[in-house]
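**Q** 3D model of this:
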Amino acid sequence: MDKTAVFRVDASVEMGLGHLTRCLTLANALAGGGMRSCFLMRSHAAGLVQMVEKAGHAVRLLPDPVRPASETGNDALQHAHWLPTTRQQDAEQTCSALVSIGSAEWLIVDHYALDARWERACRREGLRILAIDDLADRDHDCEMLLDQNLVLGMETRYRDRVSAACVQLLGPSYALLRPEFAAQRRLLAQRDGRIDRILICFGGSDPTNETAKALKAIGSLSVPQPAVDVVVGLTNPNAASVELLCARMANTELYRGANNIAELMRRADLSIGAGGVMSWERCCLGLPTIAVHIAVNQVGALTALAAVGALDHLGDSASVTVEQIAAALAALIASPAQVRAMAEVAIALVDGAGTDQVVARMHSLPSS
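**A** Next up, the predicted model:
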């Protein structure tokens with residue numbers, strides 16, 4: 001009988017696609033060992049069902065209430081509003097789905113609005129739980145915890161958040177990256193610090209249109225404009241206006257929902273982008289970056305990466321201006337040595353084998 005993993009994850013303009021894409025990466029790797037996966041997502045993510053099914057995985061949508069009502073009160077989580085219902089209702093729907101799916105070995109949860117209380121409610125005999133987290137802002141009741149971030153004090157971050165028996169996989173060496181990043185890494189030529197090609201990518205949604213800011217910053221440079229690749233997600237609400245901007249700039253190409261982002265990162269000499277999963281993808285390919293955080297949960301990792309010299313973190317998207325991006329860009333163009341140093345630091349952090357390491361640790365964990 002095939003083994004089964006059940007993923008509980010969502011995506012939206014506010015959440016971005018990062019949680020879903022890293023879960024898909026893990027599911028694809030588990031499929032290589034014969035484990036099938038079923039994704040439980042809320043109905044508001046119905047537009048992404050095809051993306052999951054195209055990868056060969058099953059999807060079940062948890063029905064949203066007619067009148068969304070997120071959990072409130074003193075014990076509500078900071079991201080409780082990411083659910084259109086209460087945590088308890090979500091757990092009940094998940095339990096019903098688990099019963100109908102049948103025997104499952106793993107429940108993998110990647111959701112800031114779910115915590116140990118939800119995990120306890122979903123427990124049943126023979127089911128192991130893997131919690132994927134970035135924030136360490138809530139307790140977990142799980143056999144394994146994965147946090148692929150680089151944060152000061154990482155080793156003790158979950159000391160009081162999980163049980164002593166929980167296996168903790170911490171740090172960017174466990175980053176869930178698709179196999180193409182390791183493949184492109186093998187093709188990577190040594191970076192010389194010159195900036196002839198820039199990649200702009202702010203993830204799947206980019207609701208505040210940081211992509212436009214970056215384009216305008218490049219357009220304002222007093223030096224000859226480098227080639228520019230612009231990647232926007234299929235859920236980007238500003239795609240039409242970005243397309244107009246790209247059309248007005250020389251040697252600029254727009255990609256919608258690019259399926260060759262690893263290749264584009266390898267070809268680029270510098271990236272302008274946000275945090276999240278992309279941080280580790282860029283590190284795997286030693287791509288220097290000017291970063292702007294578009295969500296609070298990106299601050300910790302970007303701050304840590306800036307502290308070790310892997311990127312230039314300009315700050316919050318709400319306050320970073322076109323002029324600031326242009327100034328940072330001009331400074332790096334004038335300093336190839338600094339760009340080379342950023343590349344060397346970044347590529348030493350992530351080797352692209354994180355997904356295989358996570359799968360190996362899952363297989364090595366005894367059944368409960």
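
**Q** okay, CA-based contacts and neighbour counts for the rest of this
**A** Noted.

**Q** the protein: strands as residue ranges?
**A** Taking DSSP state E, the strands of the chain run over residues 3-9, 35-42, 58-62, 106-110, 128-132, 144-147, 167-170, 197-201, 227-232, 252-256, 270-273, 289-293, 312-316.

**Q** would you mind giving those as TSV with mean neighbour count and mean pLDDT added?
**A** Shown next, in TSV, are those (neighbours: other Cα atoms under 10 Å; pLDDT from 0 to 100):
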stretch	mean neighbour count	mean pLDDT
strand 3-9	22	97
strand 35-42	22	96
strand 58-62	18	96
strand 106-110	23	98
strand 128-132	23	98
strand 144-147	22	98
strand 167-170	20	97
strand 197-201	24	98
strand 227-232	23	97
strand 252-256	17	95
strand 270-273	26	98
strand 289-293	25	97
strand 312-316	19	97
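
**Q** for those, which one sits closest to Thr72?
**A** strand 35-42 (19.1 Å; Cα to Cα).

**Q** nearest residue to Pro84 in space, please, no chain neighbours.
**A** Pro68 (4.6 Å; Cα to Cα, 6 or more residues apart in numbering).

**Q** how deep is the nearest residue to Gly275 once chain neighbours are set aside tucked in, by neighbour count?
**A** Leaving aside its sequence neighbours, Gly275 sits nearest to Gln298 (Cα to Cα, 6+ apart; 5.2 Å). Per other Cα atoms under 10 Å, the neighbour tally for Gln298 reads 20.

**Q** mind checking pLDDT for Gln298?
**A** With respect to pLDDT, Gln298 scores 89.

**Q** just Ser368 next, same as before
**A** In this model, Ser368 is scored at 66, pLDDT.

**Q** cool, Phe202 as well?
**A** In this model, Phe202 is scored at 93, pLDDT.

**Q** where do the helices sit along the stretch 201-350 of the chain?
**A** Assigned by DSSP state H, counting those that start in this stretch, the helices in the stretch 201-350 of the chain fall at 210-219, 239-248, 261-267, 277-284, 299-308, 322-333, 336-349.

**Q** packing partners for the third one?
**A** Secondary-structure packing of helix 261-267 (3 or more Cα pairs under 8 Å, 6 or more residues apart in numbering; DSSP states H and E): helix 179-186, strand 197-201.

**Q** export the shortest one as CSV, just CAs?
**A** The C-alpha coordinates for strand 197-201 follow below in CSV (Å, rounded to 0.1, in the frame of the first residue of the first chain):
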residue,chain,number,x,y,z
ARG,A,197,22.0,41.6,-15.9
ILE,A,198,19.5,42.2,-13.1
LEU,A,199,16.6,40.0,-12.0
ILE,A,200,13.6,41.6,-10.4
CYS,A,201,11.3,39.3,-8.6
